[in-house]
Every structure is written in structure tokens, then in C-alpha cells.
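Trainee: Take this sequence and fold it.
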Amino acid sequence: MQTTQFDRILRRLATILSVVILTLCLIYTSTGVMLSFYYAPTAGGAYQSLKMINTQVPYGWLFHRAHDLAGHAVIVIALIDIVVMFLGRQFRQSWLTAWISGILFTLSAIALNWTAMILGWDQEGYWRFNIELRNIEAIPFIGSQLRDILTGGGAISTVTVQHLYAIHSYIISVAAIILAVMHLSALLWQEKEMASPGEVIQLAEASLAES
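Mentor: From the prediction side, this is the model:
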């Protein structure tokens, strides 16, 4: 009985966390759209455009800060959600959709943070991305091709910023929203099954067995 009740609490917690994940994902996306009106995806213009957003655009600093905080927070919450699902034994067959979508969303959230590394065009992001490119190039067989796709076939330049911006904004962001909705929908479906007659009977039998 205690184990079953503990599992139910973890399932409910996973559902609550998935709502938080979707909320943060929508904040991240909506603030990103607002920033895109002023952001210039070029080697020289990226830093200056973000500086202008922070200093000249009304409430621009707030949207920029909310974008950054939501991007970091969603990774933390997604990792906690996976741990909660694991402890609640939600990797079973009935939880397969929620489990897989949760893992894929976490990877997409990390990818969003990774692709945003160079978009600020500051010293820290530039040199971090330079190191990451060396690691990518060291991947057997496909490393050089991946590096060329990201950089545009040469050194880090405006083309690199445009490639990362396109991947970040139009591919990974869309995938993250779809996965977040799928994850929440799967957990809500499991919430309905929690109150099914079969589970109620199991709880009653467990209670009688203890008494």
C-alpha cells in the first residue's frame, strides 16, 4: 500500500513538473520571438543588437533575462522530471511515450542551450564554441562534415551565426514544443488511468492484505 501510494505521489509530481516544463518552454519561445525582431544574426551585429535590446528597447532587458532564465531552468526541471519518473517506475511499457518524450525533450533543451552559445557573439561564447568545434571534428567519420554544416565550411563567421540561429530557432525550438506537449499529454493520460477501476481494486486488495 505504501509503495503504491508513493508511486501515485511521484506520478502526480511528474505531471506537475511537465506543466512547469511546458510553461517554461512557452516563455522561452515567446521571448525568443520578441527578441528576434531586434536581433541581428551576424558576426558583428549579434553583440551590438543584444546590447541595444538591453539598453534601448523598452523592457528589452526583461525579455532577454526571462529568455535566458527560462532556457536554463527548463533543463534543470526536465532532469528532475526524469529522475522522478525513474523513481516512480514510469519507464514501464505503459509509460513508454512519457518516458521517451521526456528524455528527448531534455536533449532538445540542452541542444537549445548549446546552439545559443555563439549567438551572443561575446568572447566567452566564441572560445567555448571554438573548443566544442574541435571536439565535434574529433568524431570519427562524420566529425568534419558536422563542423562544416555548423560553420558553413570555414572559420567561425556570420554564416556560422546564421546556421546556429536557424537550427536554434526553427528546428530545435519547434521540436522542443512538440515534445513538451507530447510529454504532458502522455502524463495526463496516465493520470486518468490512475483512477481506473482496476487500480482502485488493487488498492483495496492491498489494504485488506495489510489489515
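
Trainee: ok, now which ones touch the residue nearest the centre of the chain?
Mentor: By Cα atoms, centre = their mean, the mean C-alpha position of the chain lies nearest to A109, the distance being 2.2 Å. The contact partners of A109, taken as Cβ atoms under 8 Å, 6 or more residues apart in numbering, are 25, 71, 74-75, 78, 176. The way it works is simple: take the backbone N, C-alpha and C, and place the C-beta from them, glycine included.

Trainee: count of neighbours near T31?
Mentor: T31 sits with 20 neighbouring residues when counted by other Cβ atoms under 10 Å.

Trainee: in the protein, which spans are strands?
Mentor: Applying DSSP state E to the chain gives no strands.

Trainee: what's the weakest-modelled helix or strand in it?
Mentor: Within the chain, no helix or strand scores below helix 197-210, which has a mean of 49 by mean pLDDT, DSSP states H and E.

Trainee: Identify the residue nearest M182 in space, chain neighbours excluded?
Mentor: S101 (4.5 Å; Cβ to Cβ, 6 or more residues apart in numbering).

Trainee: how near is G60 to A66?
Mentor: 11 Å (Cβ to Cβ, to the nearest Å).

Trainee: Also T151?
Mentor: Separation of T151 from A66 (Cβ to Cβ): 30 Å.

Trainee: pLDDT below threshold where in the chain?
Mentor: For the chain, the stretches with pLDDT under 70 are 1-3, 90-94, 194-211.

Trainee: can you do 80?
Mentor: For the chain, the stretches flagged by pLDDT under 80 are 1-8, 88-95, 154, 190-211.

Trainee: What segments of it are helices?
Mentor: For the chain, applying DSSP state H gives helices covering 2-36, 45-55, 60-87, 96-115, 123-137, 143-151, 158-166, 173-194, 197-210.

Trainee: List of residues touching stretch 176-183?
Mentor: 18, 21-22, 25-26, 29, 97-98, 101-102, 104-105, 108-109, 112.

Trainee: Go through it and flag the buried ones.
Mentor: 176-177, 179-183 (16 or more other Cβ atoms under 10 Å).

Trainee: and stretch 49-56, which residues are buried?
Mentor: So stretch 49-56, judged by 16+ other Cβ under 10 Å, has buried residues 49-50, 53.

Trainee: In PDB, could you pull the C-alpha coordinates for that stretch?
Mentor: What follows is stretch 49-56, C-alpha atoms only, in PDB (Å, rounded to 0.1, in the frame of the first residue of the first chain):
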ATOM      1  CA  SER A  49      21.900  44.100 -31.300                       C
ATOM      2  CA  LEU A  50      21.700  42.300 -27.900                       C
ATOM      3  CA  LYS A  51      23.300  45.400 -26.300                       C
ATOM      4  CA  MET A  52      20.700  47.600 -27.900                       C
ATOM      5  CA  ILE A  53      17.900  45.300 -26.700                       C
ATOM      6  CA  ASN A  54      19.200  45.500 -23.200                       C
ATOM      7  CA  THR A  55      19.700  49.300 -23.100                       C
ATOM      8  CA  GLN A  56      17.400  50.900 -25.700                       C
END
